[in-house]
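Fold the stuff below for me.
(chains A and B)
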Protein chains: 2
Amino acid sequence: MTNQSCGTSKIAGASFSLHPMSDDFIDIITGALKEVDTAKVWMKTDDVTTTVRGKMVHIFDVTSAIFLNAAKSGKHIAFQATYSIGCPGDSQGDVYLVEDDQPANALTCEQINQHIAAKFSLYPLGNDSYMDVIYQQIEAIKEYASVTPAHYSTRLEGDASKIFKGLQTVFEEVVNAGSSHTVMTVSISANSPSHGGDQNE
Amino acid sequence: MTNQSCGTSKIAGASFSLHPMSDDFIDIITGALKEVDTAKVWMKTDDVTTTVRGKMVHIFDVTSAIFLNAAKSGKHIAFQATYSIGCPGDSQGDVYLVEDDQPANALTCEQINQHIAAKFSLYPLGNDSYMDVIYQQIEAIKEYASVTPAHYSTRLEGDASKIFKGLQTVFEEVVNAGSSHTVMTVSISANSPSHGGDQNE
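Reported below is the predicted structural model:
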């Protein structure tokens, strides 16, 4: 596998799901989706996940905005996403790559203060030195969150907008460093009754 | 990175979370945990995920049993797990590797019929031919589930116990074929009001 530079001209995407732990889960999800401008991405929801595809900047903008708007409900919200770029099985040349680079929801989301706990894992595929890449980015994300080691992932705690910015930055850095196929998984918990202690969440 | 054979003597693990979309989420989670025999694994829950570590057979037994016992509630349940073996950052020599190979919850779980929709992704790390490995296992899992392509994952639909058996089988096959560090992510949805149609879940 060649280590071609992917840059932002390659289509990125995410498969994500939003889980409000509430009887009102449908209203919270549909309410959050209504508040978010998704015009710059391709988006499709099925009964397991929602898929978004387009420029990397818009993938992070739309996924973070949907999470933040749901978390505003104050209910316990879990969010899980797999970000991907360069997947050989992904189709190329999507029309959404002609969009500009202005994130449509950034201004609205900056107003939302939301504390979260998260775990993220980076998977640079087809790369012998992938562990070095991972360790570098765990260092890099310390600028955006309180970081502690966890099994099979790295635990982050702090402000949601700042943490999404950090996740986008480390993902872009791995891509720009030459990883031809990069995957990142993120699990986020907001408004959990377990925050601050070790309990069954 | 050498392609050593990992077999079942290596410690495996999973980081997973269970999300009942219900006001009773705490009771459903704690109820499911109480019904499951976790004596053969190391297990720790924090506010984002639960981590289990031990022999691969027990990792799949315990995670599937916790999901199935929660799904019995009839509530819309989302389950997300990252299975991992051979992570260079993981500690070795855990005492739980001396346990026998008899899955403690298999008999109870076989009684639970639960239809699910799921998406899974395999990540054999540090391996140039990782896409071939992935395509082989997508073929192999067709024996256990109705399989359709999805973005960044493969969609599975069918009986939960059979699908967990398929997931364990393809994960083991990747490890036994020489992948030194293998990750698999799984997202499952049960009792969703969206099953059978394209809606916002």
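
Quick check: buried residues in stretch A:106-125?
For stretch A:106-125, the buried set under the neighbour-count rule, 16 or more other CB atoms under 10 Å in any protein chain shown, comprises A:109, A:112, A:114, A:116-125. Just so you know, the C-beta spots here come from the backbone N, C-alpha and C atoms, and that holds for glycine as well.

Could you tell me the end-to-end distance of that stretch?
Stretch A:106-125 stretches 30 Å from its first residue to its last (CA to CA, to the nearest Å).

quick one: it to chain centroid distance?
Shown here is stretch A:106-125, whose average C-alpha point lies 6 Å from the average C-alpha point of the whole chain (CA atoms, centre = their mean, to the nearest Å).

quick one: is that stretch near chain B?
Yes - against chain B, stretch A:106-125 shows contacts by CB under 8 Å from any CB of the partner chain at A:A117, A:A118, A:K119, A:S121, A:Y123, A:L125.

what comes up buried for stretch A:62-74?
A:V62, A:T63, A:S64, A:A65, A:I66, A:F67, A:L68, A:N69, A:A70, A:A71, A:K72, A:S73.

give me every residue that touches the first one.
Right, A:V62. Contacts for A:V62 (CB atoms under 8 Å, 6 or more residues apart in numbering or on different chains) come out as A:V36, A:D37, A:T38, A:K40, A:V41, A:M43, A:V52, A:A104, A:N105.

Quick one: list the elements packing against the helix or strand hosting A:V175.
The secondary structure element spanning A:V175 is helix A:160-176 (assigned by DSSP states H and E). For helix A:160-176, the helices and strands in contact under the criterion 3 or more CB pairs under 8 Å, 6 or more residues apart in numbering or on different chains; DSSP states H and E are helix A:56-71, strand A:77-85, strand A:115-124, helix A:130-140, strand A:182-190.

Make JSON lines out of those and add distance to B:I134 and mean pLDDT.
Listed next are these as JSON lines, based on distance: least, CB to CB, whole Å; pLDDT from 0 to 100:
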{"stretch": "helix A:56-71", "distance to B:I134": "22", "mean pLDDT": "97"}
{"stretch": "strand A:77-85", "distance to B:I134": "13", "mean pLDDT": "97"}
{"stretch": "strand A:115-124", "distance to B:I134": "12", "mean pLDDT": "96"}
{"stretch": "helix A:130-140", "distance to B:I134": "16", "mean pLDDT": "93"}
{"stretch": "strand A:182-190", "distance to B:I134": "12", "mean pLDDT": "97"}
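
how about CSV for the ones you listed, with distance to B:E99 added?
Formatted as CSV, the helices and strands packed on helix A:160-176 follow (distance: least, CB to CB, whole Å):
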stretch, distance to B:E99
helix A:56-71, 38
strand A:77-85, 30
strand A:115-124, 26
helix A:130-140, 29
strand A:182-190, 27
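
Go through these and name the closest to B:K162.
Shortest distance between B:K162 and the helices and strands packed on helix A:160-176, using CB to CB, is found for strand A:77-85: 23.5 Å.

out of the helices and strands packed on helix A:160-176, nearest to B:S161?
The closest approach between B:S161 and any of these, judged by CB to CB, belongs to strand A:77-85 at 22.8 Å.

Can you list the neighbours in contact with the helix or strand that the closest one is followed by?
As assigned by DSSP H and E, the chain's next helix or strand after strand A:77-85 is helix A:106-110. Residues lying outside helix A:106-110 but in contact with it, judged by CB under 8 Å, 6+ apart, are A:E35, A:D61, A:S64, A:A65, A:L68, A:S161.

which non-adjacent residue is nearest the second one?
Counting by CB to CB, 6 or more residues apart in numbering or on different chains, A:P103 is the residue found nearest to A:D61 once chain neighbours are left out, at 3.6 Å.

With adjacent residues omitted, what lies nearest to A:H19?
The nearest residue in space to A:H19 (CB to CB, 6+ apart) is B:H19, at 3.8 Å.

and the helix or strand harbouring that neighbour, which strands flank it?
Element membership for B:H19 (DSSP H and E) is strand B:12-20. Applying DSSP bridges to the sheet, strand B:12-20 is found paired with strand B:50-54 (antiparallel), strand B:77-85 (antiparallel).

Out of those, flag the one nearest A:S187.
Of all the strands paired with strand B:12-20, the one in closest proximity to A:S187, counting by CB to CB, is strand B:77-85 (6.7 Å).

ok, the closest residue in space to A:I112 that isn't next to it in sequence - contacts?
On the basis of CB to CB, 6+ apart, the spatially nearest residue to A:I112 that is not a chain neighbour turns out to be A:L68, at 4.6 Å. Residues in contact with A:L68, defined by CB under 8 Å, 6+ apart, are A:C109, A:I112, A:Q114, A:A160, A:S161.

and with 10 Å instead?
Counting by CB atoms under 10 Å, 6 or more residues apart in numbering or on different chains, A:L68 touches A:32, A:35-36, A:77, A:79, A:105, A:108-114, A:116, A:160-161, A:164, A:190.

Low-confidence ranges, chain A, go.
Filtered on pLDDT under 70, chain A yields the residue ranges A:1-9, A:91-94, A:195-201.

Swap in 80 and give it another go.
Judged by pLDDT under 80, chain A has its weakly predicted residues at A:1-9, A:89-96, A:194-201.

before we move on, back to that, which among the contacts of helix A:106-110 gets closest to B:V183?
For the contacts of helix A:106-110, the minimum distance to B:V183 (CB to CB) is 23.8 Å, reached by A:S64.

contacting residues for the residue nearest to that closest one when sequence neighbours are not counted?
For A:S64, the nearest residue in space outside its immediate sequence neighbours is A:F164; the separation is 3.9 Å by CB to CB, 6+ apart. Under the criterion of CB under 10 Å, 6+ apart, the neighbours of A:F164 are A:60-61, A:63-65, A:67-68, A:109, A:116, A:118, A:144, A:186, A:188.

ok, so of these, who is nearest A:D24?
Among these, A:F67 lies closest to A:D24 (CB to CB), at 16.7 Å.

thinking A:V133 is in contact with A:N176, fair?
No - applying CB atoms under 10 Å, one finds A:V133 not in contact with A:N176, separated by 11.4 Å.

Which of the two has more residues huddled nearby?
Neighbours of A:V133 and A:N176, each counted by other CB atoms under 10 Å in any protein chain shown, are more numerous for A:V133; the result is 20 against 12.
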